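**Q** give me a 3D structure for the following:
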Amino acid sequence: MALPIDILLMYGYLLLFAWVLVEQLGVPLPATPVLLAAGALSAERQLSFFLALAASVAGAVLADSVWFLMGRRHGHRLLNLLCKLSLEPTTCVRRTQDSFSRRRGVMLMFAKFVPGLGALAAPVAAQNGMGPGAFLLFDSIGCTLWATTLLVLGRLFGDALKRDPHLLNWVGRFSGALLVLGIVGFFVARLIRRRMVLKKLAASRLEPEELKRQLESGEAVYIVDLRHPLELLAEPFTLPGALHFAPDHLAARANEIPRDRDVVLYCTCPSEATAAKTALTLHRLGVQRVRPLRGGYDEWKRLGYPMDAVPPVVPLVPVIEPAQ
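**A** Numbers count the residues shown, from 1 in each chain. Got it, this is the predicted structure:
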């Protein structure tokens, strides 16, 4: 298995650490084949399973810690950037925020097993108030589970090689080509899918200036804020008269949406991705005058247009009466 086993034998644990670190920092350099190869080498005693695990976990935790610190500093702007780099912007932020809202620590423990979730888990945790100690605990558990799973799978493959050495020759002949083809195919499929969504979006979106003119002239417009509730904590404002709905709730209430006016959707996703996806869903449900707002909330705010304040949500805290 010339790739990546030969380079692993040459550079060992340092390469494993660096490869995982670079991949987890967002560079599209898959670490899975390297971890599988390291597991296979551990079956031959050419690498230590536990040292390989320690190097992998250290690289992953260090990368996640960098994203965590950046998430505390830059908030949803960093999430939007990561979504653009992921080539899958349509649901990435909302899916991660939904997972964090429901499970918090559990989400961090299993984020790396879910495509599109691993890179966003750390900054979402930071943006929504998780402390550094809790983050390091749950993230370390998650990184250990992820690396152990891949190393064990590689170890099982290595044991199979012991029983049938000819399997190594077959894998070595095709592994490099299969790896390259798999990476290329993955990115081509994602780019095609993204291009199709953006093409449909461009045909129907509404300019902020046009929406402002409609509001100033008193024209009836049905404005929907699709941002996640966690985003409202950081930015407690909406466009004038906007109603707040989760995308799935809005689709479920499609019969209540007026058909005699524009339905304007906005979010904070790159390329108005959530608004575009929701607009396509509403079109299929018979709501024709649906228009995503170009630039979403961020562009409206940048232009300095008027906004309505959202009343802050104060958690209910039990009052403890002082002892008499």
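
**Q** helices and strands of this protein: which one has the lowest mean pLDDT?
**A** Taking mean pLDDT, DSSP states H and E as the measure, the chain has helix 92-103 as its least confident helix or strand, at a mean of 58.

**Q** next SSE downstream of it?
**A** helix 105-110 (DSSP states H and E).

**Q** which strands and helices sit next to that following helix?
**A** helix 92-103, helix 118-127, helix 132-163 (3 or more C-beta pairs under 8 Å, 6 or more residues apart in numbering; DSSP states H and E). All C-beta atoms are positioned from the backbone trio N, CA, C, and that covers glycine.

**Q** same thing but at 6 Å, please
**A** helix 132-163 (3 or more C-beta pairs under 6 Å, 6 or more residues apart in numbering; DSSP states H and E).

**Q** which other helices and strands does the helix it packs on contact?
**A** Using 3+ C-beta pairs under 6 Å, 6+ apart: helix 132-163 touches helix 32-43, helix 49-74, helix 105-110.

**Q** 7 Å - rerun?
**A** helix 32-43, helix 49-74, helix 105-110, helix 166-204 (3 or more C-beta pairs under 7 Å, 6 or more residues apart in numbering; DSSP states H and E).

**Q** next, the angle from it to helix 32-43.
**A** Here the directions of helix 132-163 and helix 32-43 differ by 60 degrees (axes from the mean of the first three to the mean of the last three C-alpha atoms, to 10 degrees).

**Q** show the average pLDDT along helix 132-163.
**A** Mean pLDDT, helix 132-163: 87.

**Q** so what does Gly26 look like in phi/psi?
**A** phi 120, psi 0 (degrees, to the nearest 10).

**Q** read off the pLDDT value for it.
**A** 78.

**Q** again with Leu191
**A** 71.

**Q** lowest-confidence stretch among the helices and strands packed on helix 132-163?
**A** helix 166-204 (a mean of 62).

**Q** give me the next element, helix or strand, following that helix.
**A** Next in line after helix 166-204, if elements are assigned by DSSP H and E, sits helix 208-216.

**Q** helices or strands up against that next one?
**A** strand 221-225.

**Q** tell me the spacing between the nearest residue to Ser56 once chain neighbours are set aside and Met70.
**A** The shortest distance from Ser56 to any non-neighbouring residue, by C-beta to C-beta, 6 or more residues apart in numbering, is to Ala147 (3.9 Å). According to C-beta to C-beta, to the nearest Å, Ala147 and Met70 sit 23 Å apart.

**Q** which residues touch the residue nearest to Ser56?
**A** Contact analysis of Ala147 by C-beta atoms under 7 Å, 6 or more residues apart in numbering lists 35, 53, 56-57, 60.

**Q** ok, so of those residues, who is nearest Pro132?
**A** Ala60 (16.5 Å; C-beta to C-beta).

**Q** now the closest one: how far from Ile257?
**A** From Ala60 over to Ile257 the distance is 44 Å, taken as C-beta to C-beta.

**Q** Tyr266 too?
**A** 15 Å.

**Q** check Glu219 too.
**A** Distance, Glu219 to Ile257, using C-beta to C-beta: 17 Å.

**Q** looking at those two, which one has more neighbours?
**A** Ile257 (19 against 11; other C-beta atoms under 10 Å).

**Q** touching, the more buried one and Val287? I think so.
**A** Yes: counting by C-beta atoms under 7 Å, Ile257 does reach Val287; the two are 5.3 Å apart.

**Q** tell me the domain boundaries of the chain?
**A** Per the record, the chain has its domains at 2-200, 205-309, by automatic domain parsing.

**Q** pLDDT of the last one, averaged?
**A** Model confidence over domain 205-309 averages 87 on the pLDDT scale.

**Q** ends of it, what's the gap?
**A** Start and end residues of domain 205-309 are separated by 25 Å (C-alpha to C-alpha, to the nearest Å).

**Q** cool, and stretch 15-31?
**A** OK, stretch 15-31 end separation, C-alpha to C-alpha: 11 Å.

**Q** ok, and what's touching stretch 128-146?
**A** Residues contacting stretch 128-146 (C-beta under 7 Å, 6+ apart): 57, 60-61, 64, 68, 100, 104-105, 108-113, 122, 125, 230.
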